[in-house]
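Engineer: Kindly return the folded structure for what I paste below:
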Amino acid sequence: MRDRFSTGVVYVLAALLAALLTGCTQPAAGGESDEGTAATASVAPSATRASGFGAVFLAVDECSSFGKASFTEVPCTSERAAARVVARHDGTPSGGPPCPATTDFVLHISEQSQISDEDGDGAVPQGYACMRNLQAPHPGDPGGGGGPRTIVGDCVYGSGSGQVRETACDGKGAKKPQYKVVKAVAERSRCPLSTALYVQLGGAQPVGCARPL
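Structural biologist: Now for the predicted structure:
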């Protein structure tokens, strides 16, 4: 049985601009989302200010707007609010805690010093925000076909070179599902006998046991 490991971790890269000027928030400059099984959006680095809605920029339970060109922090009651922060960490995802299992996408926050800050009144450290859409669809849900983590209930397809990527279990994604992760265990020997594929999940139970569809 050939081993394959999931590399379907997708990040949404963003450098965010938040300014508190007469109660108005200005959007940051950004890039456009790539098309694919799991979309990736890149936002070009720019000067970043401390949040106008709290002591920490995009703190837990704060909200952001998002689109093809910009991401910015907005009040969660705003018509522009599209996603909520479910976890917020300094540093990078590779060196920090993983996002919650049903995170829809990740915003990477570029480090900005007081020198580059518009008013010199604060600095934004490098970090990442785990985001959950306020409304469906939720690609981070089991079987949703996206999100930064592969979890039990997700479906994958072989993408070559012993690797797999997520796709929607309902078959409506760009690629048809070939396997479904039915269990997460600490080691391969604990997978059911029906397991046809081992998927790397990370965390305390890093092995995903997947069966063919």
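Engineer: what residues are up against residue 89?
Structural biologist: Residues near residue 89 by Cβ atoms under 8 Å, 6 or more residues apart in numbering: 96-97, 127-128, 130. In short, each C-beta sits where N, CA and C put it, glycine included.
Engineer: List the strands paired with the helix or strand harbouring it, with their directions.
Structural biologist: When elements are assigned from DSSP states H and E, residue 89 belongs to strand 83-90. As defined by DSSP bridges, the strand partners of strand 83-90 come to strand 63-66 (antiparallel), strand 127-133 (antiparallel).
Engineer: and those strands, which is most packed in?
Structural biologist: Most buried of these, by mean neighbour count (mean count of other Cβ atoms under 10 Å): strand 127-133, with a mean of 24.
Engineer: what is the rounded mean pLDDT of it?
Structural biologist: In this model, strand 127-133 has an average pLDDT of 93.
Engineer: Tell me which residues are up against it.
Structural biologist: 11-12, 58, 64, 82-93, 96, 99-100, 102-109, 138, 140, 148.
Engineer: re the thing from before, what is the nearest of the contacts of residue 89 to residue 75?
Structural biologist: residue 130 (19.5 Å; Cβ to Cβ).
Engineer: picking up where we left off before, narrow the contacts of strand 127-133 to just the buried residues.
Structural biologist: Neighbour-count burial (16 or more other Cβ atoms under 10 Å) applied to those gives 11-12, 58, 64, 82-89, 93, 99, 102-109, 138, 140, 148.
Engineer: if we can go back for a sec, after the strand holding residue 89, next one along is what?
Structural biologist: Later in the chain than strand 83-90, the nearest helix or strand by DSSP H and E is strand 105-109.
Engineer: Please identify the pairing partners of that next one and their relative orientation?
Structural biologist: Partners of strand 105-109 in the sheet, by DSSP bridges, are strand 12-13 (parallel), strand 127-133 (antiparallel).
Engineer: Now for residue 192, which secondary structure element holds it?
Structural biologist: Using DSSP H and E, no helix or strand contains residue 192.
Engineer: Chain neighbours aside, what residue packs nearest to it?
Structural biologist: residue 209 (6.0 Å; Cβ to Cβ, 6 or more residues apart in numbering).
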